[in-house]
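K.L.:
need the 3D shape of this:
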Amino acid sequence: MANLIIKDLHVEVEGKEILKGVNLTVNSNETIALLGPNGHGKSTLLNVIMGHPKYLVTQGSIYFDDVDVLSKTTDERARLGLFLAMQNPSEVPGVINSDFLRAALNARAERPISTYNFYKLLDKATKDVKMPFDLATRSLNEGFSGGEKKRNEILQLVLLQPTIAMLDEIDSGLDVDAIQIVADVIKEQQEKGMGFFVISHYARLYDLIHPTRAVVMINGRIVIDSGPETIQRIDKEGYEFIKTELGIEIEKEEQKMNTVSIGTCAVKEIIK
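P.N.:
Okay, here's the model as predicted:
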């Protein structure tokens, strides 16, 4: 079992501190629901783990077993077994989707995969995610709908078979049927022992994939690390109980922040 260990992580973006001492351990055989209002550091944490150059780590460490993750480039982190499905996947004109996927597979393989074996894998994977095969022959994400881009991220996950997959709002922009497809793929990978770190503002996805832990991030820190029952509490009550029970004032973004929790709490305000 692999462990991703984060200790006292402080991160800045353009001189502003976003993460303010994050401590967390993620195991390869568990699924963590990462919760919290928008603007409090959830996506930042995932991007830092994956090595986005926009984010400056000023203090702390990230280890994947005994490997210093922060000393590795993004492609090296991917080869270690880390994967990030992005909230807003980029369009890359001129790069054929299947060429990109094959190059990603070869980067992690001891020997290049044959054309026959690659297309055999690709055919099965596109059927698993119920994605038209012709999307694999087009430029990477170019002209894809929002839902097609998200399915393409899941397609990459199925092909690359990471140890820990981080999903940043993979369900946003998906209809009910597409969410069910994504959830089915996640459950299949869970059974194989893949670990997941999942951000979502909607209870439906969590209801389908059954996280083993709930981690709540407020003001750039982890304030709750508990069982999945916390997901249901936030769904019903919002984040107000964090203020009243833990005595934590929930900071607002400089710009208007989406202060919803998940599911039915989309109409609740955090701070009265």
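K.L.:
next up, the contacts around the residue most central in space within the chain.
P.N.:
Geometric centre of the chain, nearest residue: residue 167, 2.1 Å, by C-alpha atoms, centre = their mean. Applying C-beta atoms under 8 Å, 6 or more residues apart in numbering to residue 167 gives the contacts 85, 153, 186, 196-200. C-beta: built from backbone N, CA, C; applies to glycine.
K.L.:
buried sites along stretch 13-29?
P.N.:
Buried residues in stretch 13-29, defined by neighbour count with 16 or more other C-beta atoms under 10 Å: 18-19, 22, 24, 26-28.
K.L.:
try stretch 124-133
P.N.:
So, applying 16+ other C-beta under 10 Å, buried residues of stretch 124-133: 125-126, 128-129, 131.
K.L.:
also stretch 2-9?
P.N.:
For stretch 2-9, a neighbour-count test (16+ other C-beta under 10 Å) marks 2, 4-6, 9 as buried.
K.L.:
pick out the most distant pair among the residues you listed.
P.N.:
Pairwise distances across the buried residues of stretch 2-9 (C-beta to C-beta) peak at 18.5 Å, for the pair 2 and 9.
K.L.:
what sits against residue 33?
P.N.:
With C-beta under 8 Å, 6+ apart, residue 33 has these contacts: 198, 200, 206, 211, 213-215, 228, 231.
K.L.:
can you say which helix or strand has the closest residue to it other than its chain neighbours in it?
P.N.:
In space, and not counting its chain neighbours, residue 33 is closest to residue 211: 4.0 Å by C-beta to C-beta, 6 or more residues apart in numbering. Counting by DSSP states H and E, no helix or strand carries residue 211.
K.L.:
and the pLDDT for residue 211?
P.N.:
At residue 211, the model reports a pLDDT of 97.
K.L.:
can you count the residues close to it?
P.N.:
Residue 211 is flanked by 24 other residues according to other C-beta atoms under 10 Å.
K.L.:
check the one 4 residues further on too.
P.N.:
Neighbourhood size, residue 215 [other C-beta under 10 Å]: 22.
K.L.:
which outside residues touch the helix or strand hosting it?
P.N.:
If you go by DSSP H and E, residue 215 is part of strand 213-218. With contacts defined as C-beta under 8 Å, 6+ apart, strand 213-218 is touched by 22, 24, 30-37, 40-42, 45, 222-231, 234, 239, 242, 248, 250.
K.L.:
out of those residues, which are inside helices?
P.N.:
Taking DSSP state H as the definition of helices, the contacts of strand 213-218 contribute 42, 45, 229-231, 234, 242.
K.L.:
tell me the buried residues in stretch 76-88?
P.N.:
For stretch 76-88, by 16+ other C-beta under 10 Å, it's 77-87.
K.L.:
which ones among those residues are found in strands?
P.N.:
82-85 (DSSP state E).
K.L.:
what residues does the residue lying closest to residue 84 once chain neighbours are set aside make contact with?
P.N.:
In this structure, residue 84 finds its nearest non-sequential neighbour in residue 50, 4.3 Å apart by C-beta to C-beta, 6+ apart. Residues in contact with residue 50 (C-beta under 8 Å, 6+ apart) are 74, 77-78, 82, 84, 166.
K.L.:
run the last query once more with 10 Å
P.N.:
Residues in contact with residue 50 (C-beta atoms under 10 Å, 6 or more residues apart in numbering) are 69, 74, 77-78, 82-84, 86, 166, 168.
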